[in-house]
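>>> Have a look at this prediction, sequence included:
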Amino acid sequence: MPDATTLRIAIGDYPHTLPLKRGEIASSWLKLDFVEIKPMHKAFKPMVREHAYDASEMALVTYLQAKAYGKPVVLLPTVVAARFQQGCIIYNAQRGKLDVGSLAGKKVGVRAYTQTTGMWVRAISTPWRPSCAVSSCKRGQ
């Protein structure tokens with residue numbers, strides 16, 4: 001029998017990945033060499049720019065940008081971690097309620113559109129939804 005193929009892989013610690021990482025799920029023909037990176041988003045850049053791993057967890061927006069710039073990455077349609085982005089929006093409660101309708105005509109700041117959260121905020125507040133038309137700026141503008 002030939003030697004097992006080894007893949008260098010960067011994925012986070014989640015209830016559904018821990019059995020793999022602890023070796024509770026194993027194969028005689030495939031070995032996984034897990035690279036521990038915390039926080040996990042620090043693995044995205046080396047994966048896209050240097051192909052530092054054979055496989056890596058990656059934010060969807062990072063993947064989309066990599067493809068837009070011609071990087072040879074392939075998306076495996078597997079959700080490793082997901083969350084609703086609403087909890088990432090913060091605001092000054094003294095200015096009243098916050099909902100999509102109250103954002104119309106307002107300026108919304110995001111840290112960067114290179115993050116999934118920033119892209120999500122922009123998407124829910126785009127002009128194609130007239131009641132949501134807002135102007136947006138990145139930090140420092």
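Received, thanks.
>>> Can you list the residue ranges for strands in the chain?
Taking DSSP state E as the test, the strands found in the chain are 5-10, 30-34, 55-56, 107-110, 135-138.
>>> Tell me the buried residues in stretch 110-127?
For stretch 110-127, the neighbour count (16 or more other C-beta atoms under 10 Å) marks Val110, Gln115, Thr116, Thr117, Gly118, Met119, Trp120, Val121, Ser125 as buried. Glycine gets a C-beta too; all of them are placed from N, C-alpha and C.
>>> Correct me if wrong: the third one contacts Gln85.
By that I understand Thr116. Yes: at 7.0 Å, Thr116 counts as touching Gln85 under the criterion of C-beta atoms under 8 Å.
>>> What is the nearest of the buried residues of stretch 110-127 to Leu32?
Using C-beta to C-beta, Thr116 is the member of those that sits closest to Leu32, with 25.6 Å.
>>> From His51, how far out is the closest one?
22 Å (C-beta to C-beta, to the nearest Å).
>>> go on, Ala4?
For Ala4, the distance to His51 - C-beta to C-beta - is 21 Å.
>>> and if you look at Ala59?
17 Å.
>>> correct me, but Ile37 touches Ala10?
Yes: under the criterion of C-beta under 8 Å, Ile37 makes contact with Ala10 at 5.5 Å.
>>> So which of the two has more stuff around it?
Set side by side, Ile37 and Ala10 show more neighbours around Ala10, with 22 against 19, by other C-beta atoms under 10 Å.
>>> partner residues bridging that one?
Beta-bridge partners for Ala10, by DSSP bridges, are Ser56.
>>> Go ahead and confirm it touches Asp33.
No: counting by C-beta under 8 Å, Asp33 is not a contact partner of Ala10; they are 9.9 Å apart.
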